[in-house]
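Enquirer: can you look at this prediction? I've put the sequence above it.
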Amino acid sequence: MFIDGLIGYLLFAPHSWIEILLGFWALYMVVQWGKRLLSPKSRSGFRPQRSVMGAMQPSAPLPIYAIASLGSGKSPRSTVNGQVLKPTAGLVALPYAGFALMAYFTYQMGPEVAFAGSGAILTTACFLLALSEALYLTTFELKLDATGFDVRDRLYRTRRVDFKKLVQVTDDNHYLYKFTLEDGSKIRVPKYLVSMSALLDSAEKNLKQYAHG
């Protein structure tokens, strides 16, 4: 509401074009600062830098980041070899909320309108996308140990990241972290995981220890 009110003030209150541009620039910087603040970091303060492609892609609204970060302070499940990191409660809730919102609008419009003609393809695709995302995040887990981690990608293949072969970690697509290995392969991990700091701690430590030229 505050940001909506500020945008309305900048657009409709009497201002010069310079004041309007400066106002929107300041608003953009505040939003970016907020998103950066909500991004997980290691205990030492290490945060992956945003990749070039990630910076060029559209970003979710700031409230989405705030919701996704809910539950990040919860303790992960421990195993004999390490820890199991799961998505935060807020991140898991987002696709279910999107699914419920689409169902509500479909009900308001009437199924005969929402699923009429070519609109049926778009409506069905949106529902399937939200359902797929909900199932993926609900069942997602990352198994972290001393030498690396195992994670399942969106094709439900288990991938292994060996910290000794890790070259770079970047903030990709604003809600994913991308782990690049020395063979050029890239593995993407949801940013908002319970105890993500433990994963970033291990990545930071090993990036310094096994620096690749």
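Expert: Received the coordinates, thanks.
Enquirer: spit out the contact partners of the most centrally placed residue in the chain.
Expert: Central residue of the chain (C-alpha atoms, centre = their mean): residue 175, 1.9 Å from the mean position. Residues in contact with residue 175 (C-beta atoms under 8 Å, 6 or more residues apart in numbering) are 60, 65, 68, 190-192. To be clear about C-beta, it is placed using only N, CA and C from the backbone, and glycine gets the same treatment.
Enquirer: any chance you could map the strands in the protein?
Expert: For the chain, the strands defined by DSSP state E occupy 49-50, 77-78, 82-85, 142-145, 148-152, 158-162, 166-172, 176-181, 186-190.
Enquirer: now render the ones you listed as TSV, adding distance to residue 203.
Expert: Shown next, in TSV, are the strands of the chain (distance: least, C-beta to C-beta, whole Å):
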stretch	distance to residue 203
strand 49-50	13
strand 77-78	19
strand 82-85	12
strand 142-145	10
strand 148-152	9
strand 158-162	9
strand 166-172	5
strand 176-181	7
strand 186-190	10
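Enquirer: circling back to that earlier point, please convert the contacts of residue 175 to TSV, extending it with neighbour count.
Expert: Below are these laid out as TSV (neighbours: other C-beta atoms under 10 Å):
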residue	neighbour count
60	14
65	22
68	23
190	21
191	24
192	26
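Enquirer: tell me which of those residues fall in helices.
Expert: 65, 68 (DSSP state H).
Enquirer: of the contacts of residue 175, closest to residue 180?
Expert: Minimum distance to residue 180 across the contacts of residue 175 is 15.7 Å, recorded for residue 191 (C-beta to C-beta).
Enquirer: picking up where we left off before, as JSON lines, the contacts of residue 175 with pLDDT and distance to residue 34 would be great.
Expert: Formatted as JSON lines, those follow (pLDDT from 0 to 100; distance: C-beta to C-beta, whole Å):
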{"residue": "60", "pLDDT": "73", "distance to residue 34": "12"}
{"residue": "65", "pLDDT": "86", "distance to residue 34": "7"}
{"residue": "68", "pLDDT": "90", "distance to residue 34": "13"}
{"residue": "190", "pLDDT": "93", "distance to residue 34": "19"}
{"residue": "191", "pLDDT": "92", "distance to residue 34": "15"}
{"residue": "192", "pLDDT": "93", "distance to residue 34": "15"}
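Enquirer: quick one, which of the strands of the chain is nearest to residue 112?
Expert: strand 186-190 (37.0 Å).
Enquirer: which parts of the closest one are buried?
Expert: 187-190 (16 or more other C-beta atoms under 10 Å).
Enquirer: neighbours of residue 31, how many?
Expert: Neighbour count for residue 31, taken as other C-beta atoms under 10 Å: 15.
Enquirer: could you report the pLDDT at it?
Expert: With respect to pLDDT, residue 31 has a value of 72.
Enquirer: can you tell me how far residue 134 is from residue 92?
Expert: The gap separating residue 134 from residue 92 is 8 Å, by C-beta to C-beta, to the nearest Å.
Enquirer: comparing the two, which shows the higher neighbour count?
Expert: A side-by-side neighbour count of residue 134 and residue 92, using other C-beta under 10 Å, places residue 92 first with 22 against 18.
Enquirer: separation between the residue lying closest to that one once chain neighbours are set aside and residue 205?
Expert: Of all residues not flanking residue 92 in the chain, residue 137 sits nearest, at 4.9 Å (C-beta to C-beta, 6 or more residues apart in numbering). The spacing between residue 137 and residue 205, counted by C-beta to C-beta, is 27 Å.
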